[in-house]
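Need the 3D shape of this:
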Amino acid sequence: SHKGWKATLSGTFIEDPHSDKKTALLNLEGFIPSDKQIFGSKYYGKMKWPETYRINVKSADVNNNIKIANSIPKNTIDKKDVSNSIGYSIGGNISVEGKTAGAGINASYNVQNTISYEQPDFRTIQRKDDANLASWDIKFVETKDGYNIDSYHAIYGNQLFMKSRLYNNGDKNFTDDRDLSTLISGGFSPNMALALTAPKNAKESVIIVEYQRFDNDYILNWET
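Numbering: from 1, shown residues only. From the prediction side, this is the model:
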């Protein structure tokens, strides 16, 4: 319902005679706009910016038969380029791989799903990875100049998104978009994947995808 927010869920369904369960590999792609905004006047400026993006994928099966068996990306990832693969092997084995040097399908998998996205100046933290909820935070860490939300200079204060120490026009002294992380200047393009398992006789399930964005304010005030 939010303008510009997009989520697309696609799946590969696996009927394996060597397993007592049905398995589906789901892929989530989408977009969450940053909604960065600047307010202010000559001596005061405020920049609203996204500090954290949160992605939740829930299994809402009323009988609690549909389980999230695995999800990616895994753990905490600080690299700019995030890449993980989740694969299914005949017999019901579901496994995960991190970013590898070689491209293409892993020969040991019968079905494979690979995800990738960029997160300059941010890190991915997997919050939850259980049978009913997979959840991730993509959280701001620091700028390419090494400034974070707690940085402090005795004269200039916090220079997180300050363009120039010598310029004092409040609402025009914020870092240019071209020098910001794309997750701040434009938005975040999530790409997550998960494996669902269900009894052989299961016919349908309910999957809920939730996006959240937690904003922060960066303020320049030359009047104080």
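
Pass me the low-pLDDT residue ranges in this protein, would you?
Along the chain, the parts satisfying pLDDT under 70 run over 1, 99-109, 168, 223-224.

all helices of it, in order?
182-185 (DSSP state H).

which residues of it fall in strands?
Remark: strands assigned in the chain by DSSP state E are 6-14, 21-33, 37-40, 44-59, 67-72, 76-77, 81-89, 93-97, 111-118, 122-129, 133-140, 187-188, 191-199, 207-221.

Redo these as TSV? Include distance to residue 172 and mean neighbour count.
From N, CA and C alone the C-beta is placed, and that goes for glycine too. TSV is the format used below for the strands of the chain (distance: least, C-beta to C-beta, whole Å; neighbours: other C-beta atoms under 10 Å):
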stretch	distance to residue 172	mean neighbour count
strand 6-14	32	14
strand 21-33	23	19
strand 37-40	9	14
strand 44-59	7	20
strand 67-72	42	21
strand 76-77	35	16
strand 81-89	33	20
strand 93-97	47	16
strand 111-118	28	18
strand 122-129	26	18
strand 133-140	23	21
strand 187-188	23	22
strand 191-199	35	23
strand 207-221	10	15
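
Now render those strands as CSV, adding distance to residue 170.
What follows is the strands of the chain, written out as CSV (distance: least, C-beta to C-beta, whole Å):
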stretch, distance to residue 170
strand 6-14, 34
strand 21-33, 25
strand 37-40, 5
strand 44-59, 4
strand 67-72, 43
strand 76-77, 36
strand 81-89, 36
strand 93-97, 47
strand 111-118, 31
strand 122-129, 26
strand 133-140, 22
strand 187-188, 25
strand 191-199, 37
strand 207-221, 5
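
Residue 153 is nearest to which of those?
Each of the strands of the chain was checked against residue 153 via C-beta to C-beta, and the shortest separation belongs to strand 207-221, namely 13.1 Å.
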